[in-house]
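**Q** Quick one, what's the 3D model for this:
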Amino acid sequence: KRKILYAGTIHPRWKETLRTYLEGIETEMVEIPEKDGVIDSEFLHKNLDEETAAFVVQQPNFWGFLEDVEAWQEAVTGAKALWVQASDPVSLGIITPPGDLGADIAVGELQSLGLPLSFGGPYAGYFACKQQYVRQIPGRVVGKTHDLEGKTGYVLTLQTREQHIRRDKATSNICTNQSLCALGATLYLSLMGPRGIRELARQNHDKAHYLAEKLAAISGVELISDRPFFNEFTLKLKSNATEVAERLKADGILAGIHQTTWTGDPNRLVVCATETKKRADLDRMAESLAAAMG
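**A** Residues are numbered from 1 along each chain as shown. Just a heads-up that it's a prediction; the model follows:
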């Protein structure tokens with residue numbers, strides 16, 4: 001199997017990373033186009049066949065919207081293609097996790113779990129998979145055990161020695177060590193607990209929907225899709241998004257993602273609202289955008 005189907009709605013930088021890793025490997029990469037803020041399920045069904053090795057999707061996607069999983073869930077699992085899903089870990093406090101949907105591999109960024117922005121890094125990511133694929137996990141897998149005296153110990157496990165000493169068999173040499181960031185995210189999760197993460201997700205969701213309703217009421221502003229979303233959403237403006245964002249910047253507001261190299265549309269603006277914002281902040285953005293749209 002050589003065909004890789006990937007959603008056109010995943011983060012543009014992730015697309016570039018996919019192409020970089022697969023360059024030099026005999027693969028056929030097929031991008032599933034976006035339709036109304038999510039992937040075109042009809043295109044997916046037409047291109048999903050027995051030659052498909054993997055299907056890559058982001059949930060919520062780059063535009064902030066939740067993919068219509070029910071439209072293609074059965075087809076993907078039936079094709080026996082590896083289902084790889086990237087998700088914001090905070091969103092999993094209220095939406096169905098990848099494993100429950102049927103995904104084989106779950107990946108994502110840990111920045112939202114207590115790690116500071118720091119002008120772009122360093123960050124850590126997470127990687128999880130079904131038990132049957134554990135031995136193929138890249139990097140080093142550490143397991144918790146006990147020694148003869150009953151003391152807790154941590155050891156490398158579920159990997160052959162060749163994965164660390166033979167260049168042609170190695171998988172550890174394609175990873176970076178982000179233990180400090182991973183430790184920070186672990187402490188954050190321990191502090192928040194399941195109830196705290198659910199509350200965090202609820203606040204993100206509610207504030208984003210409050211802001212979306214305020215912004216969509218402005219003349220010349222509309223959501224690109226009526227699909228459900230988490231804490232991000234994309235607007236279609238009647239004016240150039242970069243010019244509008246610059247006007248909001250003058251008011252001390254970073255409006256969102258507007259670069260056409262990422263959005264592909266000069267009038268699209270990707271907006272986010274998280275637990276860090278108060279209602280007054282959201283109202284101020286709405287007032288500023290209304291003035292900018294003039």
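
**Q** Got the confidence number for the residue most central in space within the chain?
**A** Centroid check for the chain by Cα atoms, centre = their mean gives Ser87 as the closest residue, at 4.1 Å. pLDDT recorded at Ser87 is 97.

**Q** How much space separates it from Phe230?
**A** Ser87 sits 10 Å away from Phe230, taking Cβ to Cβ, to the nearest Å as the criterion. Placement of C-beta: from N, CA and C, glycine included.

**Q** mind listing what the residue nearest to the centre of the chain touches?
**A** 58-60, 95, 97-98, 106, 108 (Cβ atoms under 8 Å, 6 or more residues apart in numbering).

**Q** What are the phi and psi values at it?
**A** Dihedral pair for Ser87: phi -140, psi 150, per degrees, to the nearest 10.

**Q** With Gln58 instead?
**A** phi -120, psi 130.

**Q** mind checking how far it is from Ile10?
**A** 4 Å.

**Q** quick one: common contacting residues for those two?
**A** Ala86.

**Q** that older thread, shared neighbours, Ser87 and Phe230?
**A** Between them, Ser87 and Phe230 share the contacting residues 60, 95, judged by Cβ under 8 Å, 6+ apart.

**Q** If we go by neighbour counts, what in stretch 94-102 is buried?
**A** Using 16 or more other Cβ atoms under 10 Å as the test for burial, stretch 94-102 gives 95, 97-98, 101.

**Q** Out of these, which comes closest to Ser190?
**A** Distances from the buried residues of stretch 94-102 to Ser190 were compared by Cβ to Cβ; the smallest belongs to Pro97, at 18.8 Å.

**Q** Quick one: residues contacting that closest one.
**A** 87, 106.

**Q** before we move on, what about Gln59?
**A** Contacts of Gln59 (Cβ under 8 Å, 6+ apart): 66-67, 69, 85-87, 91, 95, 98.

**Q** What separation is there between it and Lys236?
**A** 22 Å.

**Q** what does Gly78 give?
**A** From Gly78 to Lys236 the distance is 35 Å (Cβ to Cβ).

**Q** likewise Lys144?
**A** With Cβ to Cβ as the criterion, Lys144 and Lys236 are 50 Å apart.

**Q** Which of the two has more residues huddled nearby?
**A** Lys236 (16 against 9; other Cβ atoms under 10 Å).

**Q** Filter the contacts of Ser87 down to the ones in helices?
**A** Pro98 (DSSP state H).

**Q** Closest one of the contacts of Ser87 to Gln163?
**A** Ala106 (21.6 Å).

**Q** picking that back up, now the buried residues of stretch 94-102 as TSV including pLDDT and distance to Lys130?
**A** Below are the buried residues of stretch 94-102 laid out as TSV (pLDDT from 0 to 100; distance: Cβ to Cβ, whole Å):
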residue	pLDDT	distance to Lys130
Ile95	96	20
Pro97	95	13
Pro98	96	10
Leu101	93	12
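
**Q** tell me which of those residues is nearest to Leu248?
**A** Ile95 (29.1 Å).

**Q** Help me confirm that Glu149 is found in a helix?
**A** No - Glu149 is assigned coil when assessed by DSSP: H, G, I helix; E, B strand; the rest coil, not a helix.

**Q** List the buried residues in the lowest-mean-pLDDT helix or strand in the chain.
**A** Using mean pLDDT, DSSP states H and E, helix 162-165 stands out as the lowest-scoring helix or strand of the chain, at a mean of 71. Under the neighbour-count criterion of 16+ other Cβ under 10 Å, helix 162-165 has Gln163 buried.

**Q** repeat for stretch 33-40
**A** Buried, per 16+ other Cβ under 10 Å, within stretch 33-40: 34, 37-40.
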